[in-house]
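Participant: predicted model follows, preceded by the sequence.
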Amino acid sequence: MTHTLPKLNYKYDSLEPYIDTKTMEIHYTKHHQAYIDKLNAAVQGTKLEKEPVENLLMDLKKIPDNLRIAIQNHGGGHFNHSFFWQILKKDIKPQGDVIKAIEKTFGSLEKFKEQFSQAALGRFGSGWAWLVSNKGKLEITTTLNQDCPISENKYPLLGLDLWEHSYYIKHMWNRTAYIQDFFQVINWKQVEENYKKAKK
Ligand code: MN3
């Protein structure tokens, strides 16, 4: 299997003014593509060549030593970005059982957003902030670099790219403003889908 860029189901300007067109275009066509190219280069000609990226990341201990870091970084980059594009959309109202679960776990959707923001701001350097299902329990967590929750046996429901490449053109140094804008473009319909899948 050659890993390829998944189709983006919206235009680069669809998330304006919260996520700008230029950032979307560069993030998708350059950054994400670079992870895919490096992942393909790493697995080409090895017995892992045909494995879907999820399988590679699920149990990193099983990956041969000489490939592990490349798969963790570039496979993680491919998986995380593919996931990220799906949970972005404008004008989708919070909905479904996932919202009930969020309210039950964090007190309210607003309190969830506060805790998620704190976690995202607290992640020093590059990484991701996540809402995950950990064996059915909702948790806010962060990962370093391109590490992803599935490598820790946690199922991602929602994730936010905290690398500066994802916000520097519009928000520059201001990660707080980027996080606030992210809350305006969460595809809650997809988050609900992820929640349903996590429960199976
Ligand atoms: Mn990124």
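Facilitator: Received it, and whenever you're ready, just let me know what you need.

Participant: got the domain boundaries for this protein?
Facilitator: Listed domain ranges for the chain are 21-86, 97-199 (source: automatic domain parsing).

Participant: okay, those in JSON lines with distance to T4 and mean pLDDT next?
Facilitator: Quick note: C-beta positions are derived from backbone N, CA and C, even for glycine. Formatted as JSON lines, those follow (distance: least, Cβ to Cβ, whole Å; pLDDT from 0 to 100):
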{"stretch": "domain 21-86", "distance to T4": "7", "mean pLDDT": "97"}
{"stretch": "domain 97-199", "distance to T4": "18", "mean pLDDT": "97"}
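
Participant: mean neighbour count and distance to D13 added to these, as a markdown table?
Facilitator: Below are the domains of the chain laid out as a markdown table (neighbours: other Cβ atoms under 10 Å; distance: least, Cβ to Cβ, whole Å):
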| stretch | mean neighbour count | distance to D13 |
| --- | --- | --- |
| domain 21-86 | 17 | 4 |
| domain 97-199 | 17 | 12 |
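
Participant: tell me the contacts of V53?
Facilitator: Neighbour list for V53: 3, 39, 75, 78-79, 82 [criterion: Cβ atoms under 8 Å, 6 or more residues apart in numbering].

Participant: which of these fall in helices?
Facilitator: Residues of the contacts of V53 located in helices (DSSP state H): 39, 78-79, 82.

Participant: now, which of these lie close to the ion?
Facilitator: Here nothing survives when those are matched to the ion using Cβ under 5 Å from the ion.

Participant: from those, which is closest to W130?
Facilitator: Comparing those against W130 with Cβ to Cβ picks out F79 as the nearest, at 12.3 Å.

Participant: surely the closest one touches L57?
Facilitator: Yes: contact criterion Cβ atoms under 8 Å: F79 and L57 qualify, at 5.8 Å.

Participant: what do these two both touch?
Facilitator: Common contact partners of F79 and L57 (Cβ under 8 Å, 6+ apart): 148, 150.

Participant: now do the strands in this protein.
Facilitator: Assigned by DSSP state E, the strands in the chain fall at 127-134, 137-144, 155-161.

Participant: which of the ones you listed sits closest to P94?
Facilitator: Closest among these, using Cβ to Cβ: strand 155-161, at 11.1 Å.

Participant: show me what from this protein comes close to the ion.
Facilitator: Contact residues (Cβ under 5 Å from the ion) of the chain with the ion: 31, 161, 163, 166.
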